[in-house]
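Q: Here is the input, now give the coordinates:
(2 chains)
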Amino acid sequence: MSSSTTNTTTISTAGPPSRRNTELAMLVFAVIIPVFAYANAGLALSDEMPSGMLSYGLGLGLLAGVGHLVVRKFAPYADPLLLPIATLLNGLGLVLIWRLDQSRRLAQRAKDAGMAFSPSAPNQLIYSALGVALFVGVLILLKDHRILQRYTYISMVVALILLILPMFFPARFGARIWITLGSFSIQPGEFAKIIIAVFFSGYLMVKRDALALASRRFMGLYLPRGRDLGPILVVWGMSILILVFETDLGTSLLFFGLFVVMLYVATERTSWIVFGLLMSAAGAVGVATFEPHVQSRVDAWLQPFEVAKNGGSDQIAQALMAFGSGGVFGTGLGQGNSDLIGFAANSDFILATVGEELGLAGTMGLLLLYGLIVERGVRTALAARDPFGKLLAIGLSAAFAIQVFVVAGGVMGLIPLTGMTMPFIAQGGSSVIANWALVAILIKVSDTARRPAPTPAPTTDAEMTQVVRP
Amino acid sequence: MNKPLRRIAIFCGLLVLALLVRDNWIQYVQADELKNHDGNHRVLIARYSQPRGNIIVDGQPITGSAETNGIDFKYKRTYKDGPMWAPVTGFASQAYGANQIENIEDGILTGNDDRLFFNRTIDMITGKKQKGGDVITTLNRKAQEAAFKGLGDKKGAVAALDPRTGKILALASTPSYDPSKIAGATSKDKKAWLGLQPKTDKDDPMLNRALRQTYPPGSTFKVVTAAAALENGKYTDIDGATNSPVPWKLPLSTQNLPNEGNIPCENASLRQALRYSCNTVFGKLGDDLGKEKMREQAEKFGFNETVDTPVRAYASVYPEKMDRPGNAMSAIGQFDNRATPLQMAMVAAAVANDGKLMKPYMVDSLRAPNLNTIEQTDPEQMSQPLSSENAQKLQSMMETVVKEGTGTSAQIPGVTVGGKTGTAQHGVANSKNPYAWFISYAKGNDGSPVAVAVVIEGSNTLRGDIAGGKLAAPIAKSVMQAVLETERDK
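A: The predicted structure is shown next:
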């Protein structure tokens, strides 16, 4: 027996490492890097250290510290990468927004349009604090992610309301994706993304066997039964409706893509992917042919420079030129001219500022950070022990991945522009708050997944038991 | 459930990969194209983010840069004596681009030129801002002033060359414009710009008449015809009688070619024919020589070809397709052949330089911000339109014109001056005011230091008064005097 104890991994009372100290070390970098970026941008813009340097550093450090302590207490086995990456992205986003606040060109633009130009960074800092507060709230209040399963159908109703509500509010900038209450407005799509993932997880966990097994085989594909097609048709119809009535390409794509991914994971049937692709292709072509808003987006994507020359929106052309002018290493923070993009330079198009000022190197780094969040999410899904947790984690990660792809692809001219926000870095309260909640749920799921199984009750022959870890 | 999860993981990886590939495409593969795209405002922003290098005449800059408070542009181009120098500098505008030297030498002026790479690198390492280099021109300030003042409010142009080297000494065009007024990007600049367009200003002040407007050369072209006659051996003795009846009927026509007034042109020698500007003699000469030989001679003087000085001068024309009467009329500069003032200055210069035509140029050298010369233009022979012997004969003829012919108003005491007047008719049935021409050169101790061509169009002076000798010759004279003065001071 003694030989086996020396050669095998065993459960010891210490349990697996919680990785909390790794997280703390990385958090230090996640705070220091944006602080240096802030100093860099300030020096480049006005030859002096920005005045809010200390308070900004302390503020970000405080948010990260609170986040870390709460994770340490309430989710001790959570994935150690998620919080530092989210902090880093949020911190860099604040610097980029502050940097664009200093743009005389954007100020002049607002003045010409008869509007007062107000800096966005202070508000964004408040939103970030609210986001972290929500993060903390989720970690403390949500004892176990499986509790969410109870709210499957309530989630459905809430999600539907959130998606449908903007239809009754006036369109802003060509899309009905806002709920406006006085001077305050929120983008419900950002929150709906999470709630829908909860609903799909609960719904599919219950129905997955029916959807997976009751099917006929046809040309190598398992065709679902007609009545099982119902839900996918409903979701498809919903996303088309969003597209037509809210002219919101991004949410529509995200919504449908999320559903197909989760359906596939739940049923393990490739046929759903084929159906999903066919239906989204049909929907896209159908809508694009009669919806002028979508058409103009497609035109601007295919021929950005011609559209700009003929008096159309020059945003994509400007974004592409910003990326190109940045080149490999970029101009350095504060030294680019990405504010030439004008409208939405600090929200939908903020990636162009990254591209111009941090260059190919910085942009790839940023994209890889997003990739890393998604990777940690998928890993959480793989490690999760319960199907609901698996589905929820993969749903949230896939939604995050699709959103990043859709907005970054749109800004870089890879796909038509859809008007979504770059998670964490783009200006916008709904986005940053919702994404902190998303990360909180992922952290909670990963905590449950990595938490060591309860120590077995000591038996009479209390020897160490050999186990294979998942 | 883990198999589909892994596939989704791969799918998400592919999404990120697609973004990375696209990012490399726009930020690496297409980066230069996007960076220098026509629509990319950054090109202009960079151009005006530091003081622009200067264009220099006689050691003094004729341009400058002023700091502005604009959002996009930190500096603005300024010009000293803008209207006078506009045909040389062109303009550099924040809103409307640049032309002429400002455009051609933009790389040097902004400091972006590859030859300034080393300077830029040093500046970058030492933390200095990029600087532009200077463009040193061949122009002569006094000659330019004489030309510009001489033209005054008349419409016309002056081009003056150093026949020995081809250096452009004066290049004036009136009415002119002040490039300072369109250098910015404000509404004031826009108004000025719109006001300068040919649509609003019929005088087209932005047209560089010295290089880019062709006129019928009138009688000044007789110098070319005379050169053709001498070169082709039609006549060798400039004082011998020619076979020239008066009246002379145009070939294939019943019409006589008239002379201007009652002048002694019958069988006149070449010298006398040029002195009195006999249409009959030179018309018949052109016809006798034939179209091909005439064109050949004109092309040796530079016709039918653009000249890059480096600002491009439009090609003067001696057409290939003409009938016989057309050719005969062209021989006296009254048909389809057209010439720029620079071209006619080149004709005078070639004669003055003993038959050697030097390529005209106005950029002497380019100077790096650290005052190193990075490019020096060396004089270059363009062609030899006539032998040195024939050139001296022609000089003698042209000197007679000034001494006792139509060009007496260009006489300078104590200096040998040769010239030829011209009065080119135009408009339907000669209804419009004719163009007054004068081409000339002056001789110094060491060859001829200056050849000049002056054209004045549509002046309000009385028609009878318009002959080149009266209007254009005095301007040519003051330009020549200015150059001779600087030569003497050297």
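
Q: Export stretch A:157-175 to PDB, keeping only CA atoms.
A: Extracted in PDB, the C-alpha atoms of stretch A:157-175 (Å, rounded to 0.1, in the frame of the first residue of the first chain):
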ATOM      1  CA  VAL A 157     -41.100  36.400 -19.600                       C
ATOM      2  CA  VAL A 158     -38.600  39.000 -18.400                       C
ATOM      3  CA  ALA A 159     -36.400  38.400 -21.500                       C
ATOM      4  CA  LEU A 160     -39.400  38.800 -23.800                       C
ATOM      5  CA  ILE A 161     -40.400  42.000 -22.100                       C
ATOM      6  CA  LEU A 162     -36.900  43.400 -22.300                       C
ATOM      7  CA  LEU A 163     -36.600  42.500 -26.000                       C
ATOM      8  CA  ILE A 164     -40.000  43.800 -27.000                       C
ATOM      9  CA  LEU A 165     -40.100  47.000 -24.800                       C
ATOM     10  CA  PRO A 166     -37.700  49.100 -27.000                       C
ATOM     11  CA  MET A 167     -40.200  48.900 -29.800                       C
ATOM     12  CA  PHE A 168     -42.400  51.300 -28.000                       C
ATOM     13  CA  PHE A 169     -39.700  53.900 -27.500                       C
ATOM     14  CA  PRO A 170     -38.400  56.300 -30.100                       C
ATOM     15  CA  ALA A 171     -35.600  55.100 -32.300                       C
ATOM     16  CA  ARG A 172     -32.200  56.700 -31.600                       C
ATOM     17  CA  PHE A 173     -29.500  56.700 -34.300                       C
ATOM     18  CA  GLY A 174     -31.500  54.400 -36.500                       C
ATOM     19  CA  ALA A 175     -32.200  51.600 -34.100                       C
END
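
Q: Tell me the buried residues in that stretch?
A: Across stretch A:157-175, burial judged by 16 or more other Cβ atoms under 10 Å in any protein chain shown covers A:158-159, A:162-166, A:169, A:175. Every C-beta, even on glycine, is put in place using the N, C-alpha and C of the backbone.

Q: next one: stretch B:441-458
A: Quick answer for stretch B:441-458 (16+ other Cβ under 10 Å): B:441-444, B:448-458.

Q: out of the buried residues of stretch A:157-175, who's nearest chain B?
A: The shortest gap between chain B and any of the buried residues of stretch A:157-175 belongs to A:Ala159, at 21.3 Å (Cβ to the nearest Cβ).

Q: who does the strand or helix carrying A:Val70 touch, helix- and strand-wise?
A: If you go by DSSP states H and E, A:Val70 is part of helix A:53-74. For helix A:53-74, the packing partners by 3 or more Cβ pairs under 8 Å, 6 or more residues apart in numbering or on different chains; DSSP states H and E come out as helix A:20-46, helix A:82-101, helix A:121-141.

Q: For the second one, enumerate the helices and strands it packs against.
A: Packed against helix A:82-101, as judged by 3+ Cβ pairs under 8 Å, 6+ apart, are the following elements: helix A:20-46, helix A:53-74, helix A:121-141, helix A:350-383, helix A:429-450.

Q: follow-up on the earlier one: pick the most buried one from the helices and strands packed on helix A:53-74.
A: Mean neighbours per residue, mean count of other Cβ atoms under 10 Å in any protein chain shown, is largest over the helices and strands packed on helix A:53-74 for helix A:82-101, with a mean of 25.

Q: Show the contacting residues for A:Ile85.
A: Going by Cβ atoms under 8 Å, 6 or more residues apart in numbering or on different chains, A:Ile85 touches A:30, A:369, A:372-373, A:376.

Q: can you redo the helices and strands packed on helix A:53-74 as JSON lines with mean pLDDT?
A: Below are these laid out as JSON lines (pLDDT from 0 to 100):
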{"stretch": "helix A:20-46", "mean pLDDT": "93"}
{"stretch": "helix A:82-101", "mean pLDDT": "95"}
{"stretch": "helix A:121-141", "mean pLDDT": "93"}
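
Q: right, so of the ones you listed, which gets closest to A:Ala284?
A: Nearest to A:Ala284, of all the helices and strands packed on helix A:53-74, is helix A:82-101, at 29.8 Å by Cβ to Cβ.

Q: so where is the chain shaky, pLDDT-wise?
A: Because you didn't say which chain, this covers chain A. Where chain A drops to pLDDT under 70, the residues are A:1-16, A:173-175, A:182-183, A:214-229, A:231-232, A:247, A:455-470.

Q: Switch to chain B, please.
A: Counting by pLDDT under 70, chain B contains low-confidence ranges at B:427-431, B:458-467.

Q: Any idea which residue is closest to the centre of it?
A: With distances taken as Cα atoms, centre = their mean, B:Leu211 lies nearest the centre of chain B, 2.9 Å away.

Q: Going by secondary structure, that one is in what exactly?
A: Per DSSP H and E, B:Leu211 falls inside helix B:209-212.

Q: Can you dump the C-alpha atoms of that helix in CSV for me?
A: Extracted C-alpha coordinates of helix B:209-212, given in CSV (Å, rounded to 0.1, in the frame of the first residue of the first chain):
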residue,chain,number,x,y,z
ARG,B,209,0.2,81.8,-67.9
ALA,B,210,3.9,81.7,-68.2
LEU,B,211,4.0,77.9,-68.2
ARG,B,212,0.5,76.7,-68.9
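
Q: Could you count how many residues lie near the residue of chain B found nearest chain A?
A: Here chain B gets closest to chain A at one residue, B:Leu34, 2.3 Å apart by Cβ to the nearest Cβ. Neighbours of B:Leu34 under the rule other Cβ atoms under 10 Å in any protein chain shown: 23.

Q: check whether the helix or strand containing B:Leu19 contacts chain A.
A: If you go by DSSP H and E, B:Leu19 is part of helix B:2-24. Yes - applying Cβ under 8 Å from any Cβ of the partner chain, one finds helix B:2-24 touching chain A at B:2-9, B:11-13, B:15-16, B:18-20, B:22-24.

Q: tell me which parts of the stretch 101-250 of chain A are close to chain B?
A: Counting by Cβ under 8 Å from any Cβ, the stretch 101-250 of chain A sits next to chain B at A:104-105, A:108.

Q: Narrow those residues to those that are buried.
A: For these, a neighbour count by 16+ other Cβ under 10 Å gives the buried set as A:Arg105.

Q: Can you list which of the residues of the stretch 101-250 of chain A next to chain B are found in strands?
A: Among these, no member falls in strands (DSSP state E).

Q: Can I get the contacts of A:Ile85 in CSV including distance to chain B?
A: Listed next are the contacts of A:Ile85 as CSV, based on distance: Cβ to the nearest Cβ, whole Å:
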residue, distance to chain B
A:Ala30, 20
A:Leu369, 10
A:Leu372, 9
A:Ile373, 10
A:Arg376, 11
